[in-house]
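Student: what would the 3D arrangement of this be:
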Amino acid sequence: MFVSALGAITGVDNRLKLKRVKRACVILVDGLGTKNLEFRAGHAPHLINALKQGQSIHCGFPSTTATSISSFATGAAAGLHGMVGYQVFDRHSQKPLNLLTGLGGDQPARTWQSQSTVTEAAIEAGVPVFVVGPPEYEGSPFSEATMPSATYIGAKSFDERVSATQKLLRTNSTALVYLYFPELDQRAHAFGSKSVEWLEKLEDLDAAVKQLTAELPKDAGVLLTADHGIIDVRHDRQIYLDEHRDLLPGLISVGGDPRVLFLYFESVPTENQLEQLQTALGSRVIVAAKQRVIDAGWYGEITETNATRLPDVFLIANGEAALYHRDFAKTKSMQMIGQHGALSTEELTIPLLRFAAFA
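Tutor: Residues are numbered from 1 along each chain as shown. Model prediction:
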């Protein structure tokens, strides 16, 4: 989608066949799945009206921020860009690595995400490119991995981000802007996507998008999408792998998300061991060996290097469930209600909304 927004300006690689414009903005709302939006339709009339005129698409696997924003930023699936999940086990350093917050230092961001990015292509094409988001993400290794060469404008509140974006679209004769809202995802993790706290932020977002798109130059187009949706999981629906230690011999690390656990072993489990684990966990979990996931094409075309980052075994939640191994899970993670990472419609289906010149 970010690729197409640039293509609408340059005429190159316009995959969505958007109307040609001079200025384009793509809004990414972290955690705003189509189903989440539809469930609270009466509280977001501006977004719902655009959804009726627009469409829904699917994010890639796993449905998690580190992977999806990297795909958004490069126009490539995770098998190529290498940001294969939220947390992985780096077999070189023999340490777990959080790909969203843990890059930097001896783990250079562009070593892990080496694909060329939309922001770099924009600069090469002579299009000024900007990122508008919370100030704390400016200069972060993840921003370096996904939005290099862009000018970052930190803005704390929704109103401040809208004002900054409007100014960029009005004062630059040509520009590409990425506008990021992480708050709905944060509220969903803490309170659930059906909570009053989440609803408040949805209403704020609806008002912000309406304000942003109300008065723009005629040659400015705006898109809105998300990185994944959310499914709420009650705490009594959590599944604890440490209750099945005898079925996990040689387990050295657990990564991924609670909806898609990554299991790393000293030696690859046998097919018989995986069948035993599947039987023990039942229908609420899909147990899949790495090669099964690769062969299924969930990561798209995958390089040899990126394949080594994948776990030996994936445990994918099916239905309302979250998976934890309490020897590895953090307390804060186990307190979460809103979850994502797996293959449900709620997690994979995201909106593609068009405003202004793109409508």
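
Student: residues contacting the residue nearest to the spatial centre of the chain?
Tutor: Note on the chain: the residue nearest the mean C-alpha position is T65, at 2.6 Å, using CA atoms, centre = their mean. Applying CB atoms under 8 Å, 6 or more residues apart in numbering, we find T65 in contact with D30, Y86, L100, D185, D227, H228. The way it works is simple: take the backbone N, C-alpha and C, and place the C-beta from them, glycine included.

Student: between those residues, which has the most around it?
Tutor: Highest neighbour count within those: H228, with 30 neighbours (other CB atoms under 10 Å).

Student: follow-up on the earlier one: so which of the contacts of T65 are in helices?
Tutor: Filtering the contacts of T65 for membership in helices, criterion DSSP state H, returns D185.

Student: from the contacts of T65, pick the one nearest K167.
Tutor: Nearest to K167 among the contacts of T65: D30, at 23.1 Å, using CB to CB.

Student: ok, that closest one touching D185?
Tutor: Yes - between D30 and D185 there is a contact at 3.8 Å, judged by CB atoms under 8 Å.

Student: hmm, who's touching the host helix or strand of C25?
Tutor: Using DSSP states H and E, C25 sits within strand 23-29. Applying CB under 8 Å, 6+ apart, the external contacts of strand 23-29 come out as 1-2, 5-6, 8-9, 18, 69, 72, 165, 169, 172-181, 184, 205, 209, 212, 216-217, 219-227, 358.

Student: residues in contact with L6?
Tutor: So L6 contacts V12, D13, A24, V118, A121, A122, A125, V127, L176 (CB under 8 Å, 6+ apart).

Student: helices - which of the contacts of strand 23-29 land there?
Tutor: Of the contacts of strand 23-29, the ones assigned to helices by DSSP H are 2, 5-6, 8-9, 69, 72, 165, 169, 184, 205, 209, 212.

Student: which among those count as buried?
Tutor: Among these, those classed as buried by 16 or more other CB atoms under 10 Å are 2, 5-6, 8-9, 69, 72, 165, 169, 184, 205, 209, 212.

Student: pipe those residues into CSV and attach pLDDT and distance to T270 per row.
Tutor: Shown next, in CSV, are those (pLDDT from 0 to 100; distance: CB to CB, whole Å):
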residue, pLDDT, distance to T270
F2, 98, 42
A5, 98, 47
L6, 98, 47
A8, 98, 51
I9, 98, 53
I69, 98, 36
F72, 98, 38
T165, 98, 54
L169, 98, 57
L184, 98, 42
L205, 98, 48
V209, 98, 52
L212, 97, 55
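
Student: quick check, nearest of those to V268?
Tutor: Out of those, the member with the shortest distance to V268 (by CB to CB) is I69, at 30.4 Å.

Student: which residues does that closest one contact?
Tutor: L28, F142, T146, D227.

Student: can you pick out the most distant pair from these?
Tutor: L28 and F142, at 13.4 Å, using CB to CB across the contacts of I69.

Student: quick one: the helices in the stretch 251-359 of the chain?
Tutor: 271-281, 290-296, 304-307, 331-334, 345-348 (DSSP state H, counting those that start in this stretch).

Student: any idea how far the third one is from the middle of the chain?
Tutor: It stands for helix 304-307. Centre-to-centre, helix 304-307 and its host chain are 21 Å apart (CA atoms, centre = their mean, to the nearest Å).

Student: cool, the longest one as well?
Tutor: Taking CA atoms, centre = their mean, one finds helix 271-281 lying 30 Å from the centre of the chain it belongs to.
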